[in-house]
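Trainee: I need the structure of the sequence given here:
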Amino acid sequence: MKVTIYHNPACGTSRNVLAMIRNAGIEPDVIEYLEHPPSREQLESMIAAAGITVRAALREKGTPYADLHLEDESLTDEQLRDAMMAHPILINRPFVLTPIGTRLCRPSETVLDILPSKQLGEFAKEDGEKVVDAAGNRVR
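Mentor: Residues are numbered from 1 along each chain as shown. Now for the predicted structure:
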């Protein structure tokens, strides 16, 4: 059962998603995408499989989004992908790929919808928010 996470260890959401994957007893392939960005084809495939737009896959905070004027609605998907390829920090995270599906896991508990295994026990996010109870059931 292969699970892959495009991960940024500096991101709390990404760390929470990785921890929930591991709480399901799965050791995923962890790709630190800032060091090893996806190819254009992989990026296009992830966005399509997640059922989101290219614009929805863009990260604004802590990126050159404003400097590159990516808020311009006249930019094409191709131009937005070009920006993401040139500046991988613009790729929102974390993307998770499992046999069940692909998602941009924001909020982090979105990952629970595509994990092939149930949570093995209680889980709380780094901020203390309880996501899974002691029986492994989603709280909200």
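
Trainee: what are the ranges of the helices in the protein?
Mentor: 12-23, 40-50, 77-86 (DSSP state H).

Trainee: for those helices, which one sits closest to T102?
Mentor: Judged by Cβ to Cβ, the one of those that comes nearest to T102 is helix 40-50, at 3.7 Å. Yep, even glycine has a C-beta here, placed from its N, CA and C like the rest.

Trainee: off-centre distance for that closest one?
Mentor: Its chain's C-alpha centre and that of helix 40-50 lie 12 Å apart, by Cα atoms, centre = their mean, to the nearest Å.

Trainee: next, the contact list for the residue nearest the centre of the chain, please.
Mentor: Per Cα atoms, centre = their mean, the C-alpha nearest to the average position across the chain is that of P94, at 1.8 Å. Each residue near P94 by Cβ atoms under 8 Å, 6 or more residues apart in numbering is listed here: I5, Y6, H7, N8, C11, T13, S14, V17, L18, L104, C105.

Trainee: what's the most distant pair in those?
Mentor: Using Cβ to Cβ, the contacts of P94 span at most 14.5 Å, a distance reached by L18 and L104.

Trainee: where does the chain dip in pLDDT?
Mentor: Across the chain, nothing is flagged by pLDDT under 70.

Trainee: now do stretch 87-105: distance from first to last residue.
Mentor: Stretch 87-105 has its terminal residues 20 Å apart, counting by Cα to Cα, to the nearest Å.

Trainee: stretch 106-121 now?
Mentor: The straight-line separation of the ends of stretch 106-121 (Cα to Cα) is 22 Å.

Trainee: hmm, who's touching it?
Mentor: Stretch 106-121 is touched from outside by 1, 3, 13, 16-17, 20-21, 23-26, 92, 96, 98-105, 125, 131-132, 134, 136-138, 140, with contacts defined as Cβ under 8 Å, 6+ apart.

Trainee: try 7 Å this time
Mentor: 1, 13, 16-17, 20-21, 23-26, 92, 96, 98-101, 103, 105, 125, 131-132, 134, 136, 138 (Cβ atoms under 7 Å, 6 or more residues apart in numbering).
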